[in-house]
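Student: can't give you the sequence, but here's the structure:
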């Protein structure tokens, strides 16, 4: 048997193993990462919900929440540096885009109020990155919601 | 021999990695559904719907009982401690099953939020904190409500925002610990218990308040949130503890189905240049008839009383 031909799949599997171990590491780090972001919501009160996930390059994730009239909200989307410039948008129930972080100088938060109580969807986009090593970058992304009257 | 050695290495690596491959795929590709068993997998998503070519996990996030309590208070409700679940030890002793403990942890959490949004209730907040702590201890997540939390609440007497931040932190830690120990079903029951107590308190306060239009409005606005809670519990519908609560919430949904939601104008956005706060316009109305409100009051009391009497 040709050793070079045999070692190619082994190399592929080992690279895959390293990728998965990186993914597990990112998952473990997610908890600490989210907790560090919460103080940044101040002076808004965190709503107590943890919305976080380990995402891969090219992933999209969305979260739909009810926002109430009379409250002011801060939505904050933060990501580990390994993922690059993660962006987010906000859409109403009819899928009309209300906000895009890309249009606001890559900000990681948005403060807003709603005149009528309604459900809004936050969509998070992780940029697709071509990595020569074949290891797909992964990292923690958190969506935090704060409110005040 | 070298070939054999490499084959052995490859075999070991494949064996070690195979659970991850199965965990990521999980048979859900492209169908947008989850069977509720994959939430502890590496890369699971808390509260997010994640979409790429390989994974589709659907979860729902709901507003916390803290926010609902604050909305009800702002709508003009008066404090009435008689509506809250009894904080006695005898009462807590009734909650013997893990389902009952999780549901009532949510109930006491909502009661704690309620006591904290009104002024001058620090002693009662501490009493309800003790209840949540006992149940959290019984579920093995007691450190979310430790002595430090009690000290911080005492040190922040009269500072409502600080109290709510402390409670929010404890609520988050509970949720986190339950999820870490792969008890997402218990976490969903805590959320359901808190939501049901919130609706119960809101409807009872509406019944006993003279100027109750704003409170009723806030109750009607829970229609979408109830859908989110049902979506969350549906993920664990095969769990024997979750199934009856889900059935109860579905019966509540039938009543909420009578709430008419109308979108009258489309959303427009305007940003205040000095505060940088954007206002999302658009008129959406929630209409609930007195008959529907009565049905909802009765139904929420029925479901809530089942929970607090330890029948789950």
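Tutor: Happy to help now that I have it. Model, not experiment: these values are computed from the prediction. Residues are numbered from 1 along each chain as shown, chains lettered A, B, ... in the order given.
Student: Double-check residue B:306 against residue B:247; I have them as touching.
Tutor: No: between residue B:306 and residue B:247 there is no contact under Cβ atoms under 8 Å: 11.2 Å. Any C-beta I mention is one placed from the backbone N, CA and C, and that applies to glycine too.
Student: Please work out the average pLDDT along stretch B:101-118.
Tutor: Here stretch B:101-118 scores 92 as its mean pLDDT.
Student: Would you mind listing what in the stretch 101-250 of chain B touches chain A?
Tutor: B:161, B:164-165, B:167-169, B:171-172, B:175-176, B:179-180, B:218, B:221, B:224-225, B:228 (Cβ under 8 Å from any Cβ of the partner chain).
Student: Going by neighbour count, which of those residues are buried?
Tutor: Among these, those classed as buried by 16 or more other Cβ atoms under 10 Å in any protein chain shown are B:164-165, B:167-169, B:171-172, B:175-176, B:179, B:218, B:221, B:224-225, B:228.
Student: Relative to residue B:131, how far out is residue B:87?
Tutor: 5 Å (Cβ to Cβ, to the nearest Å).
Student: got it, and residue B:261?
Tutor: 36 Å.
Student: Next: residue B:285.
Tutor: From residue B:285 to residue B:131 the distance is 38 Å (Cβ to Cβ).
Student: Restricted to strands, list the residues of the stretch 101-250 of chain B next to chain A.
Tutor: Assigned to strands by DSSP state E, none of these qualify.
Student: Looking at these, which are in helices?
Tutor: Secondary structure assignment by DSSP state H places B:161, B:164-165, B:167-169, B:171-172, B:175-176, B:179-180, B:218, B:224-225, B:228 of these in helices.
Student: what number of residues lie near the residue nearest to residue B:79 when sequence neighbours are not counted?
Tutor: Using Cβ to Cβ, 6 or more residues apart in numbering or on different chains and skipping residues adjacent in sequence, the residue nearest residue B:79 is residue B:118, 4.3 Å away. For residue B:118, the neighbour count with other Cβ atoms under 10 Å in any protein chain shown is 17.
Student: Low-confidence regions, the chain specifically.
Tutor: Using chain A. Applying pLDDT under 70 to chain A flags the ranges A:1-29, A:133.
Student: That was the other one, I meant chain B.
Tutor: B:1-63.
Student: quick one, which of residue B:261 and residue B:131 is more surrounded?
Tutor: When residue B:261 and residue B:131 are compared for neighbours, residue B:131 comes out ahead with 25 against 16, by other Cβ under 10 Å.
Student: Can you tell me which helices and strands the helix or strand where that one lies packs against?
Tutor: Using DSSP states H and E, residue B:131 sits within helix B:122-138. Applying 3 or more Cβ pairs under 8 Å, 6 or more residues apart in numbering or on different chains; DSSP states H and E, one finds that helix B:122-138 makes contact with helix B:89-93, helix B:98-117, helix B:147-155, helix B:160-180.
Student: Ok, which of the ones you listed comes nearest residue B:196?
Tutor: Closest to residue B:196 of the helices and strands packed on helix B:122-138 is helix B:98-117 (Cβ to Cβ; 7.3 Å).
Student: other SSEs contacting that closest one?
Tutor: So helix B:98-117, by 3+ Cβ pairs under 8 Å, 6+ apart, packs with helix B:65-74, helix B:122-138, helix B:160-180, helix B:184-208, helix B:242-256, helix B:290-308.
Student: wait, which of the helices and strands packed on helix B:122-138 is closest to residue B:198?
Tutor: That would be, of the helices and strands packed on helix B:122-138 and by Cβ to Cβ, helix B:98-117, which comes in at 5.1 Å.
Student: Determine the angle, from 0 to 180 degrees, between the closest one and helix B:242-256.
Tutor: Taking axes from the mean of the first three to the mean of the last three Cα atoms, to 10 degrees, one finds helix B:98-117 and helix B:242-256 inclined to each other by 50 degrees.
Student: tell me the angle helix B:98-117 makes with helix B:290-308.
Tutor: Using the same axes, to 10 degrees, helix B:98-117 lies at 120 degrees relative to helix B:290-308.
Student: Give the pairing partners of the longest strand along chain A; include direction for each.
Tutor: In chain A, with assignment by DSSP E, the single longest strand is strand A:138-148. Paired neighbours of strand A:138-148 in the sheet (DSSP bridges): strand A:45-46 (antiparallel), strand A:51-56 (antiparallel), strand A:72-79 (antiparallel).
Student: mind putting those in CSV, distance to residue B:195 included?
Tutor: Converted to CSV, the strands paired with strand A:138-148 look like this (distance: least, Cβ to Cβ, whole Å):
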stretch, distance to residue B:195
strand A:45-46, 18
strand A:51-56, 17
strand A:72-79, 19
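Student: of those strands, which approaches residue A:32 most closely?
Tutor: strand A:51-56 (10.8 Å).
Student: Now do the SS call for the closest residue to residue A:128 other than its chain neighbours.
Tutor: Excluding its sequence neighbours, the residue lying closest to residue A:128 (Cβ to Cβ, 6+ apart) is residue A:58, at 3.9 Å. Under DSSP: H, G, I helix; E, B strand; the rest coil, the three-state class of residue A:58 is coil.
Student: Can you read off the backbone torsions of residue A:58?
Tutor: phi 90, psi -10 (degrees, to the nearest 10).
Student: Please name the residues that touch it.
Tutor: By Cβ atoms under 8 Å, 6 or more residues apart in numbering or on different chains, the residues touching residue A:58 are A:126, A:127, A:128, A:129, A:136, B:52.
Student: same thing with residue B:103?
Tutor: B:189, B:190, B:192, B:193, B:196, B:245, B:307, B:312.
Student: Then residue B:81?
Tutor: Here residue B:81 is in contact with B:115, B:124 (Cβ under 8 Å, 6+ apart).
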